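Student: Generate coordinates for the sequence data below:
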Amino acid sequence: TKVCYIYKSKGNCYERFYIKIKIKISMNETTIHLEGINPVDFFGINNSKLEILRRTFPEVKINARGSAIKLLGNQKDREMLEEKIYQIISMIERYGKVSDRSVESLVGGDESTNQISMPDMTEDVIVYGTNGHVVKSRTENQKKLVAAADKNDVVFAIGPAGTGKTYTAVALAVRALKNKWVKKIVLTRPAVEAGESLGFLPGDLKEKIDPYLRPLYDALDDMIPADKLQYYMANRVIEIAPLAFMRGRTLDNAFIILDEAQNTTDLQLKMLLTRIGPNAKAIITGDLSQVDLPKYQRSGLYKALDILKDIDGIGIIRLGEGDVVRHRLVKQIIRAYDTIEESEESQKK
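Tutor: I've put the predicted structure just below:
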């Protein structure tokens with residue numbers, strides 16, 4: 001039995017934890033005793049985090065009892081799993097707890113895993129949200145999106161579902177508001193029906209529109225306390241509205257986000273881009289694989305990306321399958337759809 005210490009990077013040096021991990025190693029077995037960590041924080045409720053480890057490392061048999069973890073398997077696989085366990089412990093030690101989603105991101109078992117940013121990299125923090133929630137760029141392309149937004153006044157963020165386009169954009173807007181770089185946030189998206197009829201929804205116009213804007217509300221809920229968010233919205237510091245309501249306005253000293261831009265026409269997207277006033281920034285997000293416009297109508301996002309790509313002050317960031325930060329199955333779903341769509345396109349040719 002030996003005593004090991006976990007180290008975490010801090011600038012150009014390493015800071016030693018005051019937490020000990022006792023490790024017993026034999027030919028095909030490693031036993032790790034956690035000391036100073038609540039087992040529930042590590043294993044998760046109903047062993048949810050432990051199940052993630054088991055699913056990701058099927059070659060290693062993982063037995064857990066109390067604060068002890070026993071790993072059975074060949075040495076190479078055990079060492080890979082040990083490294084992930086130490087990183088999870090580092091996250092718990094730094095933040096007090098770690099979500100199931102963060103563990104999935106950390107141990108994700110495909111080639112994109114190395115793109116996930118470790119949560120102890122404080123330079124990646126965009127904004128601190130409610131209940132100690134830390135919002136940060138988690139993949140390389142999300143980091144590029146943050147850098148592009150800092151450098152340019154207009155940024156296009158293009159990518160499939162689950163890549164954090166909207167969430168990262170809202171975080172940047174909240175950061176700008178908190179730092180008093182802007183006076184207001186304007187969040188908008190086209191109210192285009194995705195297979196359902198807007199007219200059959202109950203209620204007045206606001207009640208009909210709100211379901212289309214729900215993703216924006218959800219992101220804000222993570223970043224601004226409920227009472228403060230209500231105050232901001234009541235005083236129009238934060239404004240969420242359908243794209244049609246932007247016509248004729250000048251949006252100055254504002255951070256503007258156009259979500260679901262693939263569902264805009266040429267004229268609608270041009271209208272929004274020409275609303276930008278002095279000291280304003282805009283992020284336009286879209287997924288060109290999910291256009292809900294009528295078949296005879298081409299998305300205005302295609303044209304905008306083509307004709308605006310060489311303008312200084314406009315950035316274009318493309319996110320991909322490796323940036324998906326939702327459930328582990330989302331990557332596989334996107335991959336499956338992409339494969340069949342490519343096959344169908346090749347057959348047409």
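Student: Might you list the low-confidence residue ranges for the stretch 101-250 of the chain?
Tutor: Scanning the stretch 101-250 of the chain for pLDDT under 70 picks out the ranges 108-123, 131-132, 192-210, 212.
Student: element containing the nearest residue to S137 once chain neighbours are set aside, please.
Tutor: Nearest-residue entry for S137: K143, 4.5 Å, with adjacent residues in sequence omitted and distances by C-beta to C-beta, 6 or more residues apart in numbering. (Each C-beta comes from the backbone N, C-alpha and C, glycine too.) Element membership of K143, judged by DSSP states H and E, is helix 140-151.
Student: Just the residues contacting that helix, thanks.
Tutor: Residues outside helix 140-151 that contact it (C-beta atoms under 8 Å, 6 or more residues apart in numbering): 115, 117, 124, 126, 137, 155, 157, 159, 163-165, 168-169, 172, 281, 283, 315, 317-320, 322-323.
Student: Which parts of the chain are helices?
Tutor: For the chain, the helices defined by DSSP state H cover 39-43, 48-56, 75-95, 100-107, 140-151, 165-178, 205-223, 226-234, 266-273, 300-307, 328-348.
Student: closest one to L293 among those helices?
Tutor: Minimum separation from L293 across these (C-beta to C-beta) falls at helix 300-307, 9.0 Å.
Student: pLDDT of the closest one, averaged?
Tutor: Here helix 300-307 scores 92 as its mean pLDDT.
Student: mind checking how far F245 is from R54?
Tutor: 50 Å (C-beta to C-beta, to the nearest Å).
Student: actually Q290, not the one I wrote
Tutor: For Q290, the distance to R54 - C-beta to C-beta - is 33 Å.
Student: Tell me which of these two has more neighbours.
Tutor: R54 (15 against 12; other C-beta atoms under 10 Å).
Student: Hmm, the more buried one is touching A64, no?
Tutor: No. R54 is beyond contact range of A64, at 9.8 Å (criterion: C-beta atoms under 8 Å).
Student: Just give me how far stretch 79-94 sits from the chain centre.
Tutor: 22 Å (C-alpha atoms, centre = their mean, to the nearest Å).
Student: which residues touch G66?
Tutor: P39.
Student: and the gap between it and P39?
Tutor: Distance from G66 to P39, by C-beta to C-beta: 7 Å.
Student: swap in P278?
Tutor: 55 Å.
Student: Which one's more surrounded, those two?
Tutor: P39 (16 against 9).
Student: Next one: the more buried one from L273, what distance?
Tutor: 53 Å.
Student: picking up where we left off before, kindly state which of the helices of the chain is positioned closest to T130.
Tutor: Of those, nearest to T130 by C-beta to C-beta is helix 205-223, at 6.5 Å.
Student: Name the residues linked to K70 by a beta bridge.
Tutor: Taking DSSP bridges as the rule, K70 bridges to T31, N63.
Student: and it, what does it touch?
Tutor: 29-32, 62-64.
Student: Name the nearest of those relative to E341.
Tutor: Looking across the contacts of K70 and measuring by C-beta to C-beta, the closest to E341 is I62, at 37.8 Å.
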